[in-house]
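Engineer: Need a 3D model of the sequence below.
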Amino acid sequence: MRQLGIHAMLSIVIYLVAIALAFQAVKAVKIENLIRSDKPFEAQTFLIFTAIALGYLVAQFVISFIDSSLQLSNLF
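Structural biologist: This next block holds a predicted model:
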């Protein structure tokens with residue numbers, strides 16, 4: 001049971017870090033050219049949801065990679 005708790009906590013941390021890094025990366029993209037200037041709330045919402053989606057995908061990859069790496073010990 002303790003391993004499940006550690007895995008859950010590690011997953012949450014990985015998700016939060018990946019979303020934060022994705023948010024920093026998405027902020028570097030000039031999205032103002034694509035969205036009308038009279039819609040700042042919609043632009044910020046789009047930026048946040050894009051960062052969450054990208055962060056989720058990256059975190060899912062990292063967590064899956066870690067899980068697969070841990071399962072390799074069962075091979076030998």
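Engineer: contacts and neighbour counts: CA atoms only from here.
Structural biologist: Noted.
Engineer: neighbours of Leu54, just the number please.
Structural biologist: The local packing of Leu54 (other CA atoms under 10 Å) involves 19 other residues.
Engineer: Could you do Gln71 as well?
Structural biologist: Residues lying near Gln71 (other CA under 10 Å) number 10.
Engineer: what helix or strand does it sit in?
Structural biologist: helix 40-71 (DSSP states H and E).
Engineer: which secondary structure elements does that helix contact?
Structural biologist: If you count contacts as 3 or more CA pairs under 8 Å, 6 or more residues apart in numbering; DSSP states H and E, helix 40-71 packs onto helix 2-27.
Engineer: now for the helix it packs on, which elements pack on it?
Structural biologist: Judged by 3+ CA pairs under 8 Å, 6+ apart, the packing partners of helix 2-27 are helix 40-71.
Engineer: and Ala25, how far is that from Tyr15?
Structural biologist: Here Ala25 is placed at a distance of 15 Å from Tyr15 (CA to CA, to the nearest Å).
Engineer: ok, now Met9?
Structural biologist: Distance from Met9 to Tyr15, by CA to CA: 10 Å.
Engineer: Show me which of these two is the more surrounded one.
Structural biologist: Between Met9 and Tyr15, counted using other CA under 10 Å, Tyr15 has the larger neighbour count: 21 against 12.
Engineer: who's in contact with the more buried one?
Structural biologist: The neighbourhood of Tyr15, defined by CA atoms under 8 Å, 6 or more residues apart in numbering, consists of 55-56, 59-60.
Engineer: Same question for Ile19.
Structural biologist: Neighbours of Ile19 in contact, by CA under 8 Å, 6+ apart: 51-52, 54-56, 59.
Engineer: do that again at 7 Å, thanks
Structural biologist: By CA atoms under 7 Å, 6 or more residues apart in numbering, the contact set of Ile19 is 51-52, 55-56.
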